[in-house]
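S.K.: Based on what follows, work out the 3D shape:
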Amino acid sequence: MTAAGRKAWKAGTRIQQEAERALFDGLSGEEAGQLEMLIGKIGTQHK
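M.R.: Next comes the predicted model:
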């Protein structure tokens, strides 16, 4: 990967993490656990 590619990847990763925090910070611990379980269930059904 080029230096420019690494820089773009790092920026993209940072943006993704910020977006995830913005979406999920409002969830309680219980809600986050439920969401994790549901996403896991969906993932296993489509393999």
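S.K.: Secondary structure element holding the most centrally placed residue in the chain?
M.R.: By C-alpha atoms, centre = their mean, the chain has its centre lying nearest to Glu20, at 5.2 Å. Element membership of Glu20 [criterion: DSSP states H and E] is helix 3-24.
S.K.: Tell me the helix or strand right after that helix.
M.R.: Following helix 3-24 in sequence order, the next helix or strand is helix 29-45 (DSSP H and E).
S.K.: in that next one, what counts as buried?
M.R.: Using 16 or more other C-beta atoms under 10 Å as the test for burial, helix 29-45 gives no buried residues. Where you see a C-beta, it was placed from the backbone N, CA and C, and this is true even at glycine.
S.K.: contacts for it?
M.R.: Helix 29-45 has contacts (C-beta atoms under 8 Å, 6 or more residues apart in numbering) with Phe24, Leu27.
S.K.: For it, what does the pLDDT average out to?
M.R.: Per-residue pLDDT over helix 29-45 has a mean of 91.
S.K.: ok and that helix relative to helix 3-24, angle-wise?
M.R.: Relative orientation of helix 29-45 versus helix 3-24 (axes from the mean of the first three to the mean of the last three C-alpha atoms, to 10 degrees): 120 degrees.
S.K.: centre of the chain versus helix 29-45, how much separation?
M.R.: 13 Å (C-alpha atoms, centre = their mean, to the nearest Å).
S.K.: Same question for stretch 13-31.
M.R.: On C-alpha atoms, centre = their mean, the centre of stretch 13-31 falls 7 Å from that of its chain.
S.K.: Mind exporting the C-alpha coordinates of it to PDB?
M.R.: The C-alpha trace of stretch 13-31 is given here as PDB (Å, rounded to 0.1, in the frame of the first residue of the first chain):
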ATOM      1  CA  THR A  13     -11.200   4.200   9.600                       C
ATOM      2  CA  ARG A  14     -11.400   7.300  11.800                       C
ATOM      3  CA  ILE A  15     -14.600   8.500  10.000                       C
ATOM      4  CA  GLN A  16     -16.200   5.000  10.300                       C
ATOM      5  CA  GLN A  17     -15.400   4.900  14.100                       C
ATOM      6  CA  GLU A  18     -16.900   8.300  14.600                       C
ATOM      7  CA  ALA A  19     -20.000   7.400  12.700                       C
ATOM      8  CA  GLU A  20     -20.400   4.200  14.800                       C
ATOM      9  CA  ARG A  21     -20.000   6.100  18.000                       C
ATOM     10  CA  ALA A  22     -22.600   8.700  16.900                       C
ATOM     11  CA  LEU A  23     -25.100   5.900  16.100                       C
ATOM     12  CA  PHE A  24     -24.600   3.700  19.100                       C
ATOM     13  CA  ASP A  25     -23.600   6.000  22.000                       C
ATOM     14  CA  GLY A  26     -27.300   6.500  22.900                       C
ATOM     15  CA  LEU A  27     -27.900   2.800  23.500                       C
ATOM     16  CA  SER A  28     -27.900   1.400  27.100                       C
ATOM     17  CA  GLY A  29     -25.700  -1.500  27.900                       C
ATOM     18  CA  GLU A  30     -28.800  -3.800  27.600                       C
ATOM     19  CA  GLU A  31     -29.700  -2.300  24.200                       C
END
